[in-house]
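Chemist: Turn this into a model:
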Amino acid sequence: MHSLKNQQDRIQSGIFKGMSTTVLVLGAASFLADVSSEMIFAVLPFFYLSLGIVPAAVGLIEGIAESTASLLKVYSGWYSDKVGRRKIFVTGGYGLSAASKVFFALAATWLQVLAVRFVDRVGKGLRTSPRDALIADSTDAEFYGKSFGFHRAMDTSGAVLGIAVAFSLVAYFSYRRIFLIAAIPAFLSVLLIIFFVREIRKEPKAISFRLTFKALSREFKIFLLIATIFGLANFSYVFLMWKAKEIGIPEQKIIIFYLLFSVIYATFAMPAGMLSDRIQRKHTIALGYALFGFTCTGFMLAKTMPHVLLFFALYGIYYAFMEGIQKAYVADLVPAEARGTAFGIFHTILGIAALPASLIAGALWQYLGASATFLYGAVLAFLAAVLLIFLQKLG
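Modeler: Numbers count the residues shown, from 1 in each chain. Below you'll find the predicted structure:
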């Protein structure tokens with residue numbers, strides 16, 4: 001149960017009713033961090049091309065960056081349960097990612113890019129599970145979808161601004177100069193967490209990871225399996241942007257399409273989360289899986305700029321029905337005392353799945369063409385949607 005102090009932290013009326021100030025501050029920090037990250041990610045596919053990095057190598061970079069670093073997510077989540085503290089992991093993770101931004105400007109080979117991407121994702125691995133557990137700790141169960149949806153909306157609103165800034169700068173500055181500018185909001189997010197995030201510390205527990213995992217429900221483990229199948233389909237956004245470039249769309253317009261994706265994601269994230277509070281959460285997640293399948297199908301068949309624009313928009317709706325809602329569902333399925341561990345397992349398994357997802361996508365693209373990559377994603381996404389609706393009943 002939440003303490004009286006934590007209950008008094010709740011907002012009592014308005015659109016933020018039921019949410020805590022801790023959730024609001026974490027949302028603001030994520031906003032700034034994503035301004036930074038998306039200034040980089042908006043031009044990163046073109047930076048890869050400028051270095052002459054081939055698709056298979058991009059798949060390796062993106063897969064290793066997400067998967068290897070994700071191994072930390074399960075440890076940081078479990079250890080935050082064990083020591084009864086979350087904020088220290090959140091602060092350290094954001095700090096490490098902020099520091100890595102500076103080194104993007106210095107990378108000159110694909111191995112150096114891999115090293116910087118890895119360090120950045122190590123920071124994400126440290127912070128993600130404890131941060132999600134901190135959001136759940138600070139929220140009553142009936143508002144899980146709303147709070148996680150708000151966090152995703154703030155995160156993605158930062159992405160919108162970051163992409164817009166990158167678009168405005170790309171005509172005047174080199175990619176490396178943009179990377180240096182991007183470090184500024186990243187460090188501001190760290191300061192916001194240090195000074196304004198509130199945490200109610202819990203007593204340390206003598207718990208082992210093995211016993212904590214055994215205590216998690218069968219329904220959670222089934223969902224974890226289905227989410228992993230989908231994770232194998234969920235390859236990097238880089239391939240969507242490359243498809244647009246393959247069609248002949250100029251780089252600046254592709255950045256605008258990526259901006260559109262983020263605007264739609266930010267717009268729908270909180271309403272989608274609130275919808276999941278009112279209907280069966282797994283149905284909204286299954287819809288998200290299916291939307292990714294339709295997105296892949298659309299990119300596989302796309303021949304013109306309007307087609308690409310339409311399916312970038314659908315990609316944004318897919319994200320809105322996925323990112324925050326999956327986390328809310330994890331919070332539904334696990335006890336509070338194992339929350340950090342559960343989020344850690346969830347993020348780690350999906351992170352590990354990202355390695356073969358991007359490796360397979362890159363190899364298919366290089367040796368069989370773009371259509372093979374998107375067909376692969378569509379088939380697994382539709383399979384995961386069907387399994388979630390029917391197999392989850394066995395939980």
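Chemist: which residue is nearest the centroid of this structure?
Modeler: E323 (6.3 Å; Cα atoms, centre = their mean).
Chemist: hang on, that one packs against G149?
Modeler: No: here E323 lies out of contact with G149, judged by Cβ atoms under 8 Å, at a distance of 9.1 Å. For glycine as for every other residue, the C-beta is placed from the backbone atoms N, C-alpha and C.
Chemist: Can you pull the residues that touch both of these two?
Modeler: In the contact map built from Cβ atoms under 8 Å, 6 or more residues apart in numbering, the residues linked to both E323 and G149 are A269.
Chemist: Now do S67, the pLDDT please.
Modeler: At S67, the predicted lDDT confidence score is 68.
Chemist: Just list the residues touching the residue nearest to the centre of the chain, thanks.
Modeler: Shown in contact with E323 (Cβ under 8 Å, 6+ apart): 152, 269.
Chemist: cool, and the one 10 residues further on?
Modeler: When contacts are counted by Cβ under 8 Å, 6+ apart, L333 is found next to 216-217, 219-220, 223, 342.
Chemist: Mind listing what's buried along stretch 86-97?
Modeler: 86-87, 89-97 (16 or more other Cβ atoms under 10 Å).
Chemist: So which of those are in helices?
Modeler: Taking DSSP state H as the definition of helices, these contribute 87, 89-97.
Chemist: Serialize the residues you listed to JSON lines and add fields for distance to D132.
Modeler: JSON lines is the format used below for these (distance: Cβ to Cβ, whole Å):
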{"residue": "K87", "distance to D132": "13"}
{"residue": "F89", "distance to D132": "11"}
{"residue": "V90", "distance to D132": "10"}
{"residue": "T91", "distance to D132": "15"}
{"residue": "G92", "distance to D132": "16"}
{"residue": "G93", "distance to D132": "12"}
{"residue": "Y94", "distance to D132": "14"}
{"residue": "G95", "distance to D132": "18"}
{"residue": "L96", "distance to D132": "18"}
{"residue": "S97", "distance to D132": "16"}
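Chemist: Dump these to a markdown table, plus distance to T139 and pLDDT.
Modeler: Output for these, formatted as a markdown table (distance: Cβ to Cβ, whole Å; pLDDT from 0 to 100):
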| residue | distance to T139 | pLDDT |
| --- | --- | --- |
| K87 | 16 | 91 |
| F89 | 18 | 93 |
| V90 | 16 | 94 |
| T91 | 20 | 94 |
| G92 | 23 | 93 |
| G93 | 20 | 93 |
| Y94 | 20 | 95 |
| G95 | 25 | 94 |
| L96 | 26 | 92 |
| S97 | 24 | 92 |
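Chemist: and of the buried residues of stretch 86-97, the nearest to G125?
Modeler: G93 (7.2 Å; Cβ to Cβ).
Chemist: surely the closest one meets D132?
Modeler: No: counting by Cβ under 8 Å, G93 stays clear of D132, with 11.7 Å between them.
Chemist: farthest-separated two in the ones in helices among the buried residues of stretch 86-97?
Modeler: K87 and S97 (15.9 Å).
Chemist: Kindly tell me how buried the residue lying closest to L169 once chain neighbours are set aside is, as a neighbour count.
Modeler: What sits nearest to L169 in space, not counting adjacent residues and going by Cβ to Cβ, 6 or more residues apart in numbering, is I178, at 5.3 Å. With neighbours defined by other Cβ atoms under 10 Å, the count for I178 comes to 21.
Chemist: ok now do F150, which residues does it touch?
Modeler: 16, 19, 23-24, 27, 269-270, 273.
Chemist: do V35 as well
Modeler: Contacts of V35 by Cβ under 8 Å, 6+ apart are 158-159, 161-162, 165, 182, 185.
Chemist: Could you give the average pLDDT over stretch 70-77?
Modeler: On average, stretch 70-77 scores 78.
Chemist: now what about that stretch, what contacts it?
Modeler: Against stretch 70-77 from outside (Cβ under 8 Å, 6+ apart): 89, 93, 121-122, 125-130, 133, 209, 340-345, 347-348, 350-352, 354.
Chemist: Put the alpha carbons of it into PDB.
Modeler: Only the C-alpha atoms of stretch 70-77 are listed here, as PDB (Å, rounded to 0.1, in the frame of the first residue of the first chain):
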ATOM      1  CA  SER A  70      19.300  -4.500 -22.200                       C
ATOM      2  CA  LEU A  71      20.800  -7.200 -20.000                       C
ATOM      3  CA  LEU A  72      21.200  -4.500 -17.400                       C
ATOM      4  CA  LYS A  73      17.500  -3.800 -17.300                       C
ATOM      5  CA  VAL A  74      16.700  -7.000 -15.500                       C
ATOM      6  CA  TYR A  75      19.600  -6.500 -13.000                       C
ATOM      7  CA  SER A  76      18.800  -2.900 -12.300                       C
ATOM      8  CA  GLY A  77      15.100  -3.700 -11.900                       C
END
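Chemist: Return the set of buried residues in it.
Modeler: 70-77.
Chemist: Sitting in strands, which of those do you find?
Modeler: Counting by DSSP state E, no part of these is found in strands.
Chemist: will you turn these into TSV that also has distance to T139?
Modeler: Shown next, in TSV, are those (distance: Cβ to Cβ, whole Å):
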residue	distance to T139
S70	24
L71	27
L72	24
K73	20
V74	22
Y75	24
S76	20
G77	17
